[in-house]
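Engineer: next comes the sequence, and after it the predicted model I'd like to discuss.
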Amino acid sequence: MTKVIKVENLSKAYQLGDFGTGTISRDLERYWARIRGKEDPFLKIGELNDRTQKGTSDIVWSLRDLNFEVERGDAVGIIGRNGAGKSTLLKILSRVTSPTVGTVKIKGRVASLLEVGTGFHPELTGRENIYLNGAILGMRKAEIKRKFDEIVDFAGVDRYIDTPVKRYSSGMYVRLAFAVAANLEAEILVVDEVLAVGDAEFQKKCLGKMGDVSKGEGKTVLFVSHNMGSVRQLCDKGILLTNGQIAFTGNTEAAIKNYMNSSLDPKSGIVAIGPMADTIKIKSVTVNGSPLDVAITPKDEINFCIKYQCLKYLPGFRISLVIFKDGVRVLTVQDLEESTAIEPGYYRSDIKLQSYFLRPGTYSVAVGGHNTNHTNFSLGNVEWFFVTDISSFEVLEEWSKVYDFNNLGIINLPNTSGVRTAIGSDD
Amino acid sequence: MDRPEEEIWDIEISPRNNLLDLKLKDVWHYRDLLVLLVRRDFVAFYKQTVLGPLWFFLQPLATIILFNFVFANIAKIPTGSIPPPVFYLAGTIIWNYFSDCLTKTSTVFKDNSAMLGKVYFPRLIMPLSIVLSNLIRFGVQFMLFLLLMVIYGIKGYPIHPNFYLLLFPVLIVLIAALGLGLGMMISAVTTKYRDLTFVVSFAVPLLMYTTTVIYPLSVAQSKYPKYSWLIKYNPITVVIETFRKGFLGEGSFNWELLGFAAGATIIIVIIGTIIFNRVEKNFVDTV
């Protein structure tokens, strides 16, 4: 196998905080150090990018000493928590920004889909935008012309091709944009989570197309996603990034497993807060049996299983499970109806949500708990702990009643309906 | 060339690049993009307008009417034997071309950060497309100038085109290069420090009065013999005066000045390019 990407000692530093008064003197200082051939004084004090710790320096290493190689035909999934450096790595690979230290060597043409529809102009028609977007991605005009029908066909916007894209629905817009990128002729495809858009059918189509590209045409794919399902389906190798460093490389399954195990590691950025943070240790949280990014069909029940250790006797304790969608607290449920005493030891709490209750979308899970010492309940005498973003799951768009607008709203109330009566006149 | 196949790489991404390397090979590969961007600017300009491309004419027309009113009639600034509207239009279209190139290029990273931050193409394409789309605009306005010239010529005003108008292409290249070069220098600073954007927005219109858009160089020289060299050695003045000399037959021209302007422009473009090349690699992080 030939190597097509070789990454050596790759590091990237970012400056935190605001640019403004004061930064110019520092810039001059750095510039002065550089012309004297000295090391940048501000890079020496850089720290690892752990967003949960309040650092002492303004410089963080978003990527630190990355070394890896990719061979032709590999489909590599890059996984890691938010802020692990995935997007920075893709940005460097697609030459949008350059590294602070180290080199990347690449063989062949790189097509990067960090975003679909880059450079689309709302006033121009679909046809004009295909040419423009294709050219931005590095296609020659003749090449676009040759692929034009295929692109329009893939996007399914034949009828609107001479309409300005500002009149398109957002779905059509995205489909057209992806279609251009997907038909790009390149040896290496760098894909960020562009598949998070479009409906389920189109997402499948995109995944299928990318699968064809890597398996059928022998091209190399680098894929960043939070959706473990897609990574599993598409990739044969995985790179796990933690705080800008490579934590694991190997086959996809092992990488995903590592990722999931690491999610409860204190180093992964998850921290419990509250006065009881050291009394109750959450050991694992699973949704339908797996810890992260589970895909759930609406007709399944959702079973949450929380395993934890209690370190001291608590007179009145119960676990709360909180579900968020896009930052909105959707609901809070408890494992027990009333708080009860708990002895030190290991426990598991099971909480179940009925099927067809949550509408399609991505949800994140937080776990908390409280201990009430007194019978009169008030916030002042409650001890608590809370862990956000501990797990996540996705409800798929496989809704049974197509006539129900399944993507409107967050929760679905089964068997709820009203009554319609003819009342004759409007009084 | 005896290196094994393993060691031959098409792209090497490293922290620094050669400052004078313009990646012209890359730019050439992306030439279709350049054309499409120019087209996009042009089409998007008059989409959903009633008058469409007519707006290209209306702007300079309104300007010269106002200039005629204020500077020729109220302030009574002489324009030599050339009728004031033609005189102003000659200066205005050249000045506009320069200032459009300059202001647009100076904010090129900021204005296009969404696009430049997501996909790679030779960054030089962006300022080049600015220069070219403004050239089309200049071309349209130049037609207006020719029309006005012919009208006044038929009416019997002393308008004498001569051999100097063969310098026209050189003048266009000079003015475009000046706008591009200065714009690229400023663009480097504005990505991180926005201060200069404000300076540009008020200084460029003021700068117009230091060139000979509304007065001939000869008038400035007779009124301010000590300081008129500031105006005289302004490369834009040189271009405007040469343009007037060639098309209208009246203007201060000499080869030394033109040579000086060309030299200054070349230096500005080289410095601008070096700065631009330095900034383009990492501007995404600071813009």
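Structural biologist: Done, it's in.
Engineer: what segments of the stretch 101-250 of chain B are helices?
Structural biologist: Secondary structure of the stretch 101-250 of chain B (DSSP state H, counting those that start in this stretch): helices at B:108-111, B:113-116, B:125-154, B:168-190, B:195-207, B:217-223, B:228-232, B:235-248.
Engineer: do you know which of these lies nearest residue B:162?
Structural biologist: Across these, residue B:162 has its closest neighbour in helix B:235-248 (6.4 Å, C-beta to C-beta). In short, each C-beta sits where N, CA and C put it, glycine included.
Engineer: give me every residue in the stretch 151-287 of chain B lying close to chain A.
Structural biologist: Proximity of the stretch 151-287 of chain B to chain A is confined to B:192, B:193, B:281, B:282, B:284, B:285, B:286 under the rule C-beta under 8 Å from any C-beta of the partner chain.
Engineer: again, 10 Å this time
Structural biologist: B:189, B:191-195, B:280-287 (C-beta under 10 Å from any C-beta of the partner chain).
Engineer: ok, residue A:382 - contacts?
Structural biologist: Residue A:382 makes contact with A:274, A:275, A:276, A:316, A:339, A:370, A:371, A:372, A:373, A:374, according to C-beta atoms under 10 Å, 6 or more residues apart in numbering or on different chains.
Engineer: and if we set it to 8 Å?
Structural biologist: Residues in contact with residue A:382 (C-beta atoms under 8 Å, 6 or more residues apart in numbering or on different chains) are A:370, A:371, A:372.
Engineer: buried subset of those, written for ChimeraX?
Structural biologist: Per 16 or more other C-beta atoms under 10 Å in any protein chain shown, the buried members of the contacts of residue A:382 correspond to this ChimeraX selection:
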select /A:370,371,372
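Engineer: mind giving me a markdown table with the contacts of residue A:382 and columns for pLDDT and distance to residue A:322?
Structural biologist: Shown next, in a markdown table, are the contacts of residue A:382 (pLDDT from 0 to 100; distance: C-beta to C-beta, whole Å):
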| residue | pLDDT | distance to residue A:322 |
| --- | --- | --- |
| A:370 | 84 | 12 |
| A:371 | 84 | 17 |
| A:372 | 76 | 18 |
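Engineer: mind checking which of the contacts of residue A:382 land in strands?
Structural biologist: Among the contacts of residue A:382, DSSP state E puts A:370, A:371, A:372 in strands.
Engineer: and the helices of the stretch 101-250 of chain B, which is most packed in?
Structural biologist: Ranked by average neighbour count under the criterion mean count of other C-beta atoms under 10 Å in any protein chain shown, those are headed by helix B:235-248 at a mean of 25.
Engineer: mean confidence score for that one?
Structural biologist: Per-residue pLDDT over helix B:235-248 has a mean of 90.
Engineer: which secondary element of chain A has the worst mean pLDDT?
Structural biologist: strand A:47-48 (a mean of 56; mean pLDDT, DSSP states H and E).
Engineer: what's the burial count for the residue lying closest to residue B:140 once chain neighbours are set aside?
Structural biologist: Closest residue to residue B:140 apart from its sequence neighbours, by C-beta to C-beta, 6 or more residues apart in numbering or on different chains: residue B:56 at 4.3 Å. Number of residues near residue B:56 (other C-beta atoms under 10 Å in any protein chain shown) recorded here: 21.
Engineer: now residue B:56: how far from residue B:192?
Structural biologist: As defined by C-beta to C-beta, to the nearest Å, residue B:56 lies at a distance of 34 Å from residue B:192.
Engineer: how about the stretch 151-300 of chain A: which residue is closest to chain B?
Structural biologist: Distances between the stretch 151-300 of chain A and chain B by C-beta to the nearest C-beta are smallest at residue A:164, namely 7.6 Å.
Engineer: so that residue sits against residue A:120, correct?
Structural biologist: No. Applying C-beta atoms under 8 Å as the test, residue A:164 and residue A:120 come out as separate, 10.5 Å apart.
Engineer: what does the stretch 1-150 of chain B put close to chain A?
Structural biologist: Residues of the stretch 1-150 of chain B lying close to chain A (C-beta under 8 Å from any C-beta) are B:5-6, B:8-17, B:29-30, B:32-33, B:36-37, B:39-40, B:43-44, B:47-48, B:114-121.
Engineer: where does the stretch 1-150 of chain B have low pLDDT?
Structural biologist: Along the stretch 1-150 of chain B, the model assigns pLDDT under 70 to residues B:1-7, B:16-22.
Engineer: now with 80, please.
Structural biologist: Scanning the stretch 1-150 of chain B with the threshold set as pLDDT under 80 gives B:1-8, B:10, B:14-24, B:44-53, B:114.
Engineer: rewinding a little: okay, and the beta partners of the residue of the stretch 151-300 of chain A closest to chain B?
Structural biologist: Here residue A:164 sits in beta bridges with residue A:125, going by DSSP bridges.
Engineer: give me the pLDDT for residue 164.
Structural biologist: Went with chain A since none was named. In this model, residue A:164 is scored at 88, pLDDT.
Engineer: not quite, I wanted chain B
Structural biologist: In this model, residue B:164 is scored at 86, pLDDT.
Engineer: burial of it, as a residue count?
Structural biologist: Applying other C-beta under 10 Å, we find 18 residues neighbouring residue B:164.
Engineer: hmm, it is touching residue B:248, no?
Structural biologist: No. Between residue B:164 and residue B:248 there is no contact under C-beta under 8 Å: 10.2 Å.
Engineer: quick one: residues contacting residue A:325.
Structural biologist: Contacts of residue A:325 by C-beta under 8 Å, 6+ apart are A:361, A:362, A:363, A:364, A:410.
Engineer: quick check, distance from the helix or strand hosting the fourth one to the centre of its chain.
Structural biologist: Just to be clear, that refers to residue A:364. Following DSSP states H and E, one finds residue A:364 within strand A:361-372. Computed by C-alpha atoms, centre = their mean, to the nearest Å, the chain-centroid distance of strand A:361-372 equals 19 Å.
Engineer: partner strands of it, with direction?
Structural biologist: Strand A:361-372 sits in its sheet next to strand A:314-325 (antiparallel), strand A:382-395 (antiparallel), going by DSSP bridges.
Engineer: please save the CA atoms from the shortest one in PDB.
Structural biologist: The one in question is strand A:314-325. C-alpha atoms of strand A:314-325 as PDB (Å, rounded to 0.1, in the frame of the first residue of the first chain):
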ATOM      1  CA  LEU A 314     -27.200   9.400  52.600                       C
ATOM      2  CA  PRO A 315     -30.600   9.600  54.300                       C
ATOM      3  CA  GLY A 316     -32.700  10.600  51.300                       C
ATOM      4  CA  PHE A 317     -31.200  10.100  47.900                       C
ATOM      5  CA  ARG A 318     -32.400   9.700  44.300                       C
ATOM      6  CA  ILE A 319     -31.000  10.000  40.900                       C
ATOM      7  CA  SER A 320     -32.200  12.500  38.300                       C
ATOM      8  CA  LEU A 321     -31.900  12.100  34.500                       C
ATOM      9  CA  VAL A 322     -32.100  15.100  32.400                       C
ATOM     10  CA  ILE A 323     -32.400  15.200  28.600                       C
ATOM     11  CA  PHE A 324     -31.400  18.200  26.500                       C
ATOM     12  CA  LYS A 325     -32.000  19.000  22.900                       C
END
